[in-house]
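okay, predicted coordinates and the sequence, questions at the end:
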Amino acid sequence: MDADTPTDEVLDELVATIESRKAELPEDSYTTTLFTHEKGKNYVLEKLGEEVTETILAAKDDDREELLYESADLVYHLLVVLAMHDASLDDLREELKKRF
Ligand SMILES: N=c1c2ncn([C@@H]3O[C@H](COP(=O)(O)OP(=O)(O)OP(=O)(O)O)[C@@H](O)[C@H]3O)c2ncn1[C@@H]1O[C@H](COP(=O)(O)O)[C@@H](O)[C@H]1O
């Protein structure tokens, strides 16, 4: 993924990167640390909880910039959790579509 990636392809590109980290586990990768942590998946679930809290606090403060920043952290960690459970972005889209 780079700065030229069209905005509407960002989530797919991010998931492709996460899946690549999951398969290859490169050493210098934050995503790898989430897949290999000694606490197992509890570690990324703790991070997810922290990001939810930080997102809520930003919303309570009406801090739009911080809200977007923390929301991006939250979505990234959620996508890692979904990848850990072999759930794809299309699976998520299908679940959302069922609710139309
Ligand atoms: N989108 C993200 C992304 N969002 C958040 N993070 C990391 O998630 C961590 C969040 O931790 P914290 O909330 O504790 O934030 P912090 O800045 O460490 O500390 P605070 O000041 O917030 O308390 C930080 O280390 C961020 O770098 C991310 N790390 C990676 N990505 C994407 O994943 C790709 C692959 O990254 P690597 O796996 O590192 O190669 C990157 O190119 C990005 O596109």
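Thanks, I have the structure now. Numbers count the residues shown, from 1 in each chain.

ok, how many other residues are close to E50?
Neighbourhood size, E50 [other CB atoms under 10 Å]: 14. C-betas here are computed from N, CA, C, even on glycine.

please enumerate residues in contact with the helix or strand that contains it?
Per DSSP states H and E: E50 is located in helix 41-60. Contact with helix 41-60 is made by 34, 37, 39, 66-67, 69-71, 73-74, 77-78, 80-81, 84, as judged by CB atoms under 8 Å, 6 or more residues apart in numbering.

I'd like the next helix or strand past it.
Toward the C-terminus from helix 41-60 - assigned by DSSP H and E - lies helix 64-84.

and that next one, what does it pack against?
Secondary-structure packing of helix 64-84 (3 or more CB pairs under 8 Å, 6 or more residues apart in numbering; DSSP states H and E): helix 10-24, helix 30-36, helix 41-60, helix 89-97.

try it again at 6 Å.
Applying 3 or more CB pairs under 6 Å, 6 or more residues apart in numbering; DSSP states H and E, one finds that helix 64-84 makes contact with helix 10-24, helix 41-60.

just want the angle from that helix to helix 41-60.
Orientation of helix 64-84 against helix 41-60 (axes from the mean of the first three to the mean of the last three CA atoms, to 10 degrees) gives an angle of 160 degrees.

in PDB, list the C-alpha atoms belonging to helix 64-84.
The C-alpha trace of helix 64-84 is given here as PDB (Å, rounded to 0.1, in the frame of the first residue of the first chain):
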ATOM      1  CA  ARG A  64     -12.800  15.300  15.600                       C
ATOM      2  CA  GLU A  65      -9.100  14.900  14.600                       C
ATOM      3  CA  GLU A  66      -8.400  12.600  17.600                       C
ATOM      4  CA  LEU A  67     -11.600  10.700  16.900                       C
ATOM      5  CA  LEU A  68     -10.500   9.900  13.400                       C
ATOM      6  CA  TYR A  69      -7.000   9.000  14.600                       C
ATOM      7  CA  GLU A  70      -8.200   6.600  17.300                       C
ATOM      8  CA  SER A  71     -10.900   5.200  14.900                       C
ATOM      9  CA  ALA A  72      -8.200   4.300  12.500                       C
ATOM     10  CA  ASP A  73      -6.200   2.500  15.300                       C
ATOM     11  CA  LEU A  74      -9.500   0.700  16.300                       C
ATOM     12  CA  VAL A  75     -10.300  -0.400  12.700                       C
ATOM     13  CA  TYR A  76      -6.700  -1.700  12.100                       C
ATOM     14  CA  HIS A  77      -6.800  -3.800  15.300                       C
ATOM     15  CA  LEU A  78     -10.300  -5.100  14.500                       C
ATOM     16  CA  LEU A  79      -9.100  -6.200  11.100                       C
ATOM     17  CA  VAL A  80      -6.200  -8.000  12.700                       C
ATOM     18  CA  VAL A  81      -8.700  -9.800  15.000                       C
ATOM     19  CA  LEU A  82     -10.800 -10.700  12.000                       C
ATOM     20  CA  ALA A  83      -7.800 -12.100  10.100                       C
ATOM     21  CA  MET A  84      -6.900 -14.200  13.200                       C
END
